[in-house]
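**Q** Pasting a predicted model and its sequence here:
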Amino acid sequence: MARQPPQDTRDDATPAGYDPRRPIDELLSDLRTSLAGLSSTDAERRLAEWGPNELRRQGGARWWRNLIRQLIHPLALVLWVAAGLAWIAGTPVLAAAIVVVILINALFAFAQERHAEHAVEALTRYLPQQAGVLRDGQRQLIDARKLVPGDVVCLTEGERVSADARLLDGSIEADLSALTGESQPVYRAASDTRTSQPLVQATNLVFSGTVCLGGEARAVVYATGMRTELGRIAALSQRVGREQSPLEKQVKRVAWLIAAVAGVAGAIFFPIGVWVAGMPITDAFAFAIGLLVANVPEGLLPTITLALAVGVRALARRGAVVKRLSAVETLGSTAVICTDKTGTITENRMRVVAAWTAGGVIEEADLTGRNHPAVVRDLARTVVFCSNARLASEPGAEATGDPTEIALLRFADGLGVDTSPDRRPQCRRGEFHFDPRLRLMSTVDVDEHGMWLHTKGAPEAVIERCVAVVGADGRERPLDPGA
């Protein structure tokens, strides 16, 4: 039987039952682990108890349910009735044609929605599938699905956090937008031991699905899989019922209107044909059914489906994924979009438009090409060395790293400065990642001219920290390796 964790009685207790804000020695005791991590044997046993570290789809719709939903679409129901009446009226060819239209449309719509669902699942391929942990006293790279509570994970810049964890040492900048919607990076440090903060706001915790943008740290995992904060959100989202989109509601009303008009037309013609035109009852009935079927637009349903499918394809080319065809029209029905002051609906892209130097402001037009002041090239060189971002290495690939650093690297690349990431680790001898309290980042690099300190951050902070490595004449000089 799986061991149940100690239950926390607070309102904001974690899904796993542990309170990770407790003193670190008490949390390690509850998790039955240590700063050196777990042994492989203990990890395998816990994996069998807790299950894999993954989000599970609970009670998902079966494929046959989705197919049936296409066959009982409001317009499809009208067509089914029309096909039955056509068969009764003695026109089996027309009845068969209507049935074929229904089936083709249902299969096409079903295939489109299945393709969209697969596209959503394919997004998980962009997530890191491995995590660095301490097992048997050594750092190992394991499948992220095999993480268990008690594992000690190593977080480095650019990595996605695979489970909810408490920082043991170090500090990082984390992107919590996937969890909280906050567009700006937040600072997380093991040194903060406050316990009064809400769980998601605790500055010594990191959560599954978030990204480490800078710094390095070690953390102990206290929740995995569906027990994480992201898993809690996933479980809540799966309990939400399927609501009709504005288009589905409109189509339903149109289907009832068409059925009503066709039925009334047939009902009115039948007595007129018998009593006024003197037609036999059988002929009048057959003509009334034909009139009813003729009022049903067999081409309307496939037309709507094809139009929505074109919309899905157009959105897919722009990087958007739509799970339901009818949802394509939903955005068009939106009257008000609410967003916070941070502008979370922007593209999160920036570019350098001007450079402020001691000699004045250099505009964007003068920041490209080879004809530019020497001070700008020195600035670009500092930008390259004092950065951990990476530009796209091939066409179609995306740049990785902090958006600000990416913009600065593109600025340096436009000046012809070598921005290849392989060059930086060879020259770098030390790094002090960006600290929001100090408001700067520094690296120590070596080249053929000596050792250099490159610093990037708020102007007043950079000037204060770099005064020791600037000569009396205002020129930069190499660092003393012994200093």
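**A** Everything's here; your move.
**Q** where does the stretch 251-400 of the chain have low pLDDT?
**A** Along the stretch 251-400 of the chain, segments meeting pLDDT under 70 span 298, 319-326, 339-348, 364-373, 394-397.
**Q** Residue 255: what's it in contact with?
**A** By C-beta atoms under 8 Å, 6 or more residues apart in numbering, the contact list for residue 255 reads 74, 75, 77, 78. C-beta here means a position set from N, CA and C on the backbone, and glycine is covered the same way.
**Q** Surely residue 182 and residue 176 touch.
**A** Yes - using C-beta atoms under 8 Å, residue 182 makes contact with residue 176 at a distance of 5.3 Å.
**Q** Specify which residue of those two has the higher count of neighbours.
**A** Shown here are residue 182 and residue 176; by other C-beta atoms under 10 Å, residue 176 has more neighbours (22 against 16).
**Q** Next up, phi/psi of that one, please.
**A** Main-chain dihedrals, residue 176, degrees, to the nearest 10: phi -100, psi 10.
**Q** Please give me every residue in contact with it.
**A** Residue 176 sits in contact with 182, 186, 200, 207, 210, where contact means C-beta under 8 Å, 6+ apart.
**Q** out of those residues, which are buried?
**A** Among these, the ones that count as buried by 16 or more other C-beta atoms under 10 Å are 182, 186, 207, 210.
**Q** Lowest pLDDT pick from those residues?
**A** The member of those with the lowest pLDDT is residue 182, at 71.
**Q** distance of that residue from residue 197?
**A** Distance, residue 182 to residue 197, using C-beta to C-beta, to the nearest Å: 15 Å.
**Q** likewise residue 307?
**A** 50 Å.
**Q** In the chain, what residue spans correspond to helices?
**A** Secondary structure of the chain (DSSP state H): helices at 24-31, 40-50, 63-71, 74-88, 92-122, 177-180, 229-238, 246-271, 281-294, 300-317, 374-385, 403-414, 423-427, 459-466.
**Q** between those helices, which gets nearest to residue 446?
**A** Minimum separation from residue 446 across those (C-beta to C-beta) falls at helix 423-427, 5.8 Å.
**Q** got the contact list for the closest residue to residue 256 other than its chain neighbours?
**A** In space, and not counting its chain neighbours, residue 256 is closest to residue 74: 7.3 Å by C-beta to C-beta, 6 or more residues apart in numbering. Applying C-beta under 8 Å, 6+ apart, one finds that residue 74 lies in contact with 251, 252, 254, 255, 256.
**Q** Then residue 55?
**A** So residue 55 contacts 225, 226, 230, 231, 234 (C-beta under 8 Å, 6+ apart).
**Q** Identify, from those, the entry nearest to residue 138.
**A** Closest approach to residue 138 among the contacts of residue 55 (C-beta to C-beta): residue 225, at 24.9 Å.
**Q** Let me know the outermost residue of this protein.
**A** Relative to the mean C-alpha coordinate of the chain, counting by C-alpha atoms, centre = their mean, the farthest residue is residue 278 (69.3 Å).
**Q** Could I get the phi/psi values of that residue?
**A** According to degrees, to the nearest 10, residue 278 has phi 70, psi 30.
**Q** now residue 417
**A** Backbone torsions for residue 417, taken as degrees, to the nearest 10, come to phi -80, psi 140.
**Q** count of neighbours near the closest residue to it other than its chain neighbours?
**A** Once flanking residues are discounted, residue 417 sits nearest to residue 380: 4.6 Å by C-beta to C-beta, 6+ apart. Counted with other C-beta under 10 Å, residues neighbouring residue 380 total 23.
**Q** tell me the contacts of residue 350?
**A** 403, 404, 406, 407 are the contacts of residue 350 under C-beta under 8 Å, 6+ apart.
**Q** Adding neighbour count, distance to residue 104 and pLDDT, write the residues you listed out as JSON lines.
**A** Formatted as JSON lines, the contacts of residue 350 follow (neighbours: other C-beta atoms under 10 Å; distance: C-beta to C-beta, whole Å; pLDDT from 0 to 100):
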{"residue": "403", "neighbour count": "15", "distance to residue 104": "46", "pLDDT": "77"}
{"residue": "404", "neighbour count": "15", "distance to residue 104": "52", "pLDDT": "81"}
{"residue": "406", "neighbour count": "22", "distance to residue 104": "47", "pLDDT": "84"}
{"residue": "407", "neighbour count": "17", "distance to residue 104": "50", "pLDDT": "85"}
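**Q** Can you say which two of those are spatially most distant?
**A** The most widely separated members of the contacts of residue 350, counting by C-beta to C-beta, are 404 and 406 (7.3 Å).
**Q** Give me the local confidence score for residue 206.
**A** At residue 206, pLDDT is 91.
**Q** That one and residue 165 touch, don't they?
**A** Yes - under the criterion of C-beta under 8 Å, residue 206 makes contact with residue 165 at 5.4 Å.
**Q** Who has more neighbours out of the two?
**A** A count of neighbours by other C-beta under 10 Å puts residue 165 above the other of residue 206 and residue 165, at 28 against 25.
**Q** Count the neighbours of residue 23 for me.
**A** 10.
**Q** where's it relative to residue 143, distance?
**A** In terms of C-beta to C-beta, residue 23 sits 31 Å off from residue 143.
**Q** next one: residue 337
**A** To residue 143, residue 337 is 40 Å away according to C-beta to C-beta.
**Q** show me the contacts for the residue most central in space within the chain.
**A** Nearest residue to the geometric centre of the chain (C-alpha atoms, centre = their mean): residue 178, 6.3 Å. Residue 178 sits next to 209, 210, 211, 230 when contact means C-beta under 8 Å, 6+ apart.
**Q** Verify the contact between residue 86 and residue 101 for me.
**A** No - applying C-beta under 8 Å, one finds residue 86 not in contact with residue 101, separated by 12.0 Å.
**Q** Of those two, which one has the most company?
**A** Taking neighbours as other C-beta under 10 Å, residue 86 and residue 101 compare with residue 86 leading, 24 against 17.
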